[in-house]
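1. Sequence plus the predicted model coming up.
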Amino acid sequence: MESANARLSNIQKHLNPQPCSSNHSKGGLIKISPEVSDALSHGAAVVALESTIICHGMPYPQNLETAKEIEGIVRENGAVPATIAILDGIPHIGLDIKELEWLAKFGAQIRKTARRDIAAVVAAGANGATTVSATMFFASMVGISVFVTGGIGGVHRHGEQTMDVSSDLIELGKTPVAVVSAGAKSILDIPRTLEYLETQGVCVAGYRTNEFPAFFTETSGCKVPCRLDSPQDAARLIEANMKLKLGTGILIAVPIPKEHSASGTFVESAIQRALKEAREKHITGSAETPFLLSRVNELTGGASLASNIALVKNNAIIGSKIAVCLAQLGGYGGDYKS
């Protein structure tokens, strides 16, 4: 099987024939930062991070502070952070501080980019903040096996009528990347989300829990089919998934730390009010989730934003430890030998 070094060399040869000489160069089709490229070439631990959470998940300057803190946490735990975004039509795998600052300041002006939007953003030479689906796609392209986020998208409430199902679920069904999150956002229909993931053949594992977490709260009332009790357990699961070439992602659901868990009734009340307002204002599609999260934060007096930041940091710690264990198993760069 192709070695990690050979695979990365081929990726860079075909996707980046002219090295980017500036932060926004249009010389190649993709740019991998030197730090990430070096880590992948040596089979070191790398953790993918999305950019939608920077542009659409939090206000400035909390978004910038959180982005820098998350990257710092990843490094402190032995892995290399690879924040992913599209800048001037070029997908970037790994951002420098100036690029992070630029994304944070422009925020919602940057296009929210799922897999379906990638070609359009690149063709237009535009800027895109990658969602879970787009981040998974680029991570898999370069051989990054672990991706840390806050919460995934899912089946929206009343999805049986609206057919509003996040592309995150489809991506998990066809892209072999392990996504470490605090479950699905609690603004969603969690039971139907789990049913959809089962249909897609996605392994859903609870990290030190038997119950699927609900983003702002530790529990959702839904059991998980698989439990992991250590980063080593998670790494072995990812390794098995890759060796068997199942071709699907893995969702590793980590409960929010107890001290930051919100009251289920309190949050649900805010969610119901936000959902009602979204319907009245006819806010749908990709605009719905940012609106709901922002409104829930307002209705909870900022408690939901504080919880959001706390759970992302916790996920980064666990995801980084998983990535380190996976690297020790030789699981980076696709270099699996039978």
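-> Perfect, thanks for sending it. This is a predicted model, so every value here is computed, not measured. Numbers count the residues shown, from 1 in each chain.
2. all helices for the stretch 51-200 of the chain, in order.
-> All helices of the stretch 51-200 of the chain, identified by DSSP state H, counting those that start in this stretch, fall at 52-55, 62-76, 97-106, 118-123, 132-142, 159-162, 167-172, 190-199.
3. least reliable of those going by mean pLDDT?
-> Taking each of these in turn, the lowest mean pLDDT turns up on helix 159-162, with a mean of 74.
4. Using neighbour counts, pick out the buried residues of it.
-> Across helix 159-162, burial judged by 16 or more other Cβ atoms under 10 Å covers Gly159. (Glycine included, C-beta is placed from N, CA and C.)
5. Extract the CA atoms of that helix and return them as PDB.
-> Extracted C-alpha coordinates of helix 159-162, given in PDB (Å, rounded to 0.1, in the frame of the first residue of the first chain):
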ATOM      1  CA  GLY A 159     -37.400  17.200   9.300                       C
ATOM      2  CA  GLU A 160     -39.900  14.600   8.300                       C
ATOM      3  CA  GLN A 161     -41.900  17.400   6.700                       C
ATOM      4  CA  THR A 162     -39.200  19.800   5.600                       C
END
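6. what sits up against that helix?
-> By Cβ atoms under 8 Å, 6 or more residues apart in numbering, the list of residues contacting helix 159-162 from outside reads His156, Val165, Asp189, Arg192, Thr284.
7. on that earlier part again, could the helices of the stretch 51-200 of the chain go into JSON lines alongside distance to Thr300?
-> Supplementary listing: the helices of the stretch 51-200 of the chain in JSON lines, determined by distance: least, Cβ to Cβ, whole Å:
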{"stretch": "helix 52-55", "distance to Thr300": "18"}
{"stretch": "helix 62-76", "distance to Thr300": "15"}
{"stretch": "helix 97-106", "distance to Thr300": "23"}
{"stretch": "helix 118-123", "distance to Thr300": "33"}
{"stretch": "helix 132-142", "distance to Thr300": "23"}
{"stretch": "helix 159-162", "distance to Thr300": "24"}
{"stretch": "helix 167-172", "distance to Thr300": "24"}
{"stretch": "helix 190-199", "distance to Thr300": "19"}
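8. out of those, which comes closest to Arg279?
-> Between Arg279 and those, the shortest gap by Cβ to Cβ is with helix 159-162, which sits at 10.3 Å.
9. now the contacts of helix 159-162: which count as buried?
-> His156, Val165, Asp189, Arg192.
10. Wait, Pro81 touches Leu49, no?
-> Yes: between Pro81 and Leu49 there is a contact at 5.7 Å, judged by Cβ atoms under 8 Å.
11. Could you verify my assumption that Thr83 touches Leu100?
-> Yes: assessed by Cβ under 8 Å, Thr83 is found in contact with Leu100 at 6.8 Å.
12. the more surrounded of those two?
-> A direct count of neighbours by other Cβ atoms under 10 Å for Thr83 and Leu100 places Thr83 higher, at 27 against 19.
13. Where do the strands of the chain begin and end?
-> 31-32, 46-49, 80-87, 90-93, 111-113, 128-130, 146-148, 178-181, 203-207, 226-228, 250-253 (DSSP state E).
14. Ok, which of those comes nearest Thr300?
-> strand 178-181 (20.2 Å).
15. what mean pLDDT does the closest one have?
-> Rounded mean pLDDT across strand 178-181 is 98.
16. elements contacting that strand?
-> strand 146-148, helix 231-243, strand 250-253, helix 303-328 (3 or more Cβ pairs under 8 Å, 6 or more residues apart in numbering; DSSP states H and E).
17. Can you say which of those is nearest to Ile70?
-> Among the helices and strands packed on strand 178-181, the nearest to Ile70 by Cβ to Cβ is helix 303-328 (4.9 Å).
18. circling back: from the buried ones among the contacts of helix 159-162, which two are the most distant?
-> Pairwise distances across the buried ones among the contacts of helix 159-162 (Cβ to Cβ) peak at 9.8 Å, for the pair Val165 and Asp189.
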